[in-house]
Structure formats: structure tokens, C-alpha cells
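In: Requesting a structural model of the entry that follows:
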Amino acid sequence: MQISEAETPLHRLETIYRRLIERLSTSDVYQGALRGVLESWFYALEEDVLAGGAVDESDSEGLLALTNALMEQRLAAINRHAPAFSTALRAYRRALAEGETAMADGILAWLSGEPNVGAAPKRYAGIKGDVDHFGALSFLQGLLVILRDAGFSGLVLVLDEVETLQRVRGDVREKSLNALRQLIDEVDAGRFPGLYLLITGTPAFFDGPQGVQRLPPLAQRLQVDFATDARFDNPRAVQVRLPGFDLARLGLVGRKIRDIYALAQPNKDRLRQVADDAFIDDMARAVAGNLGGRIGVAPRLFLKKLVGEVLDRVDQFPDFDPRQHYALTIADAELTDVERDARRAASVDDVDLKL
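Out: Numbers count the residues shown, from 1 in each chain. Below is the predicted model of the structure:
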């Protein structure tokens, strides 16, 4: 999820939880996968109950009761901190069994952290209020238990663009940095088994005066020595620096995109032969050259040109040869502000005067 003061403020953990549920993805569902995850979990619980031999598969009421009991057992640790979580899950399953679709949808919305759930689903489930700042962490614990029992390896949570905290009000920044410290401490303490927390930000956020360094306890937890040669960076460290793009990496990305594109084509060999490695490397150099040699801003435009203007044509026209029939052209209208700035002359000597 992308951190922003307006939509996803880091210091409001209930909002973080809600965005997490909205963007929850599995290999089968891109976003909004909570319903499918719960169905998988209920099915796994039923299979465990049936395997115990205490109830027959045809006894729906008995199966429901024993499954609820097993559910309570699995959620016992979370139930001590957030009993409403298991209460809502029990009511959600009962609503599904009784065909109360509207009630089930309302309860699912409440479990997802939605703040505007009607009174009827809450009365049906016996729950009150909304998921708050403190309840969000307990609900995250419950979600991890469900994911584990449903057969998933765990949950990867990516907090993207946290450097935006540098531009918010001082009090909001302090609260957000403290929330980040709290999350890191909870993960380190083992409260969230199966959670991989990934935080992305610019070097200025981690090292500058308006970022992590403003909260010394957080800075201590994230401190990593980057004085050593980058070749020997420790990938197991709490903080990892990402090297910038160079021509070799840009060409590598282009070749990988071409190979992925070729997987869906009937004539894979022709695509790889016409748009071969040498052509892709030449195209990467040409795009970067058009942007003043600033390779770091070239990937978006390079991949757009490669797919839309080269690979699509190779796929559609059997006689298309990019070395003969294609010439790279870049118009100002298709550039972002950063790309347009990179394209401008670096000095007066670069300006071509027509005298």
C-alpha cells in the first residue's frame, strides 16, 4: 500500500489494516481476497473435524458446531485481546449457513475494517463499534492465524513511499514514525508470525533530519553500516539499499520482458530472433541517450516503447523487422516532468543554434 497523509496515514493503524484487507491478494485473486481466504479456512476446519471422526458429513448442524468449536480453539490466543474478531467470524459463518447473504456481507465488511457498516449486521453478530487503532493489530494477528490454517505461507505487507512522512505536519510525522517503530517491535517480538514487513523509502527518509532520524529509537532499530563497498552489502540486514539502474540492468529487464511476452506467442523463436539481445541493448542505449544519459529515469519509457512499438508489431506483422522498419522517436507530450527535465540540455554547448 502507498502511504499518504490523505488516504493512508501511517499513524492510523485502523486505516492501514483496512487498506491491507482491500489489497489482500493471492495467486487466485488480485485484490479483495479476504472472502476466498475465509472460505478456504472454513473448508480446512471442516476437513480437520471430519478427519477426527466425531461427526458425519451429512450432519450439517453437528459439523457447524464442531467447526465453530475448533475455530474458537485456533483463535484462543487472539480471543484474549480481540474477542470481537472470533465473534464476527462465527456470525459470518452462521449467516452463510443460514443463507443470510446481506448479513454475511455486512459482517465481512466489518471484519475488513470498514467504518460505515449498518446496525443490522452488527446486531446479528453481537458486535459493537468499529475496528480502532489498537484493535487493528489484534485483527492482523487473527488474519495471520487464518492464513496459516488455510494453507498460505504467510503475508507480505509492503508500506510504499514512506518518505512522504517528511512533508507532513510535525505532530503527524512523530505519530507515524512511532507507529512504524511499534510495528517493527511487534514483528521482532514474534506477535505476528508469518508476516514479512517491507518498508520502502528514499535514502533521505532513512538518513535525513526529517525522517527516521527524528525518532532515535526507530533510527537505532534501522541503523545499517553502508560504508563498506556495495558489493558486500548484507542481504540479511534490517535495511537493504537498492542500486540504481545502469545500462546492463536496463537491458536485462528488457530481455526478461521480451521472454515473458514470448510465452503467450505461438512463434516464440521468431520474437526472440527478431528482437534479440543485441537489439534490446541498442534500444536501451538509445532511450537513455535521449534522456541525457540518465538511466535511472529511462525504464518506464524504455519498456513502453519496447512492448508497444516493437514487440506488438513483431507479433502482428510477420515481415516486421525493427532494425529495418523502426526508428525510435520520443515526443515531449509522452514524457513525465522528470523525463522532460532529463532531456533538456545540460549546458549552453548542448544547444544547437541554427545560424
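
In: what about stretch 299-316, average pLDDT?
Out: In this model, stretch 299-316 has a mean pLDDT of 92.

In: nope, stretch 269-284 is what I was after
Out: Stretch 269-284 shows a mean pLDDT of 91.

In: Just the buried residues of it, please?
Out: Leu271, Arg272, Val274, Ala275, Phe279, Ile280, Asp281, Met283, Ala284 (16 or more other Cβ atoms under 10 Å). Every residue, glycine included, has its C-beta placed from N, CA and C.

In: Specify the local secondary structure of the first one.
Out: Secondary structure, DSSP: H, G, I helix; E, B strand; the rest coil: Leu271 is helix.

In: how about the helices of the stretch 151-300 of the chain, start to end?
Out: 170-188, 203-207, 216-222, 247-262, 268-274, 277-290, 299-305 (DSSP state H, counting those that start in this stretch).

In: which one of those lies closest to Ser60?
Out: helix 170-188 (39.3 Å; Cβ to Cβ).

In: Against which helices or strands is the closest one packed?
Out: strand 195-199, helix 216-222 (3 or more Cβ pairs under 8 Å, 6 or more residues apart in numbering; DSSP states H and E).

In: May I see the ones you listed arranged in TSV, with distance to Glu98, mean neighbour count and mean pLDDT as well?
Out: Formatted as TSV, those follow (distance: least, Cβ to Cβ, whole Å; neighbours: other Cβ atoms under 10 Å; pLDDT from 0 to 100):
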stretch	distance to Glu98	mean neighbour count	mean pLDDT
strand 195-199	34	15	94
helix 216-222	48	15	93
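
In: so where's the stretch 1-150 of the chain shaky on pLDDT?
Out: 77 (pLDDT under 70).

In: what about the strands in the protein?
Out: Ranges of strands in the chain, per DSSP state E, are 155-159, 195-199.

In: Mind putting those strands into TSV with distance to Thr228?
Out: Output for the strands of the chain, formatted as TSV (distance: least, Cβ to Cβ, whole Å):
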stretch	distance to Thr228
strand 155-159	27
strand 195-199	22
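
In: Which one, of those, ends up nearest to Gln210?
Out: Closest among the strands of the chain, using Cβ to Cβ: strand 195-199, at 16.2 Å.

In: Residues in contact with that closest one: which ones?
Out: With contacts defined as Cβ atoms under 8 Å, 6 or more residues apart in numbering, strand 195-199 is touched by 140, 144, 154-159, 162, 180, 183-184, 187.

In: mind redoing it with 6 Å?
Out: Contact with strand 195-199 is made by Leu144, Leu155, Val156, Leu157, Val158, Leu159, Val162, Val187, as judged by Cβ atoms under 6 Å, 6 or more residues apart in numbering.

In: How far off centre is it?
Out: The chain centroid and the centroid of strand 195-199 are separated by 10 Å under Cα atoms, centre = their mean, to the nearest Å.

In: partner strands of it, parallel or antiparallel?
Out: Counting by DSSP bridges, the strands paired with strand 195-199 are strand 155-159 (parallel).

In: Centroid-nearest residue for the chain?
Out: What sits nearest the mean C-alpha location of the chain, by Cα atoms, centre = their mean, is Val158, with 4.8 Å.

In: Please report how far that one lies from Ile199.
Out: 8 Å (Cβ to Cβ, to the nearest Å).

In: buried residues in stretch 116-134?
Out: Result for stretch 116-134 [16+ other Cβ under 10 Å]: buried residues Val117, Pro121, Lys122, Tyr124, Ala125, Ile127, Val131.

In: Perfect, I'm done here.
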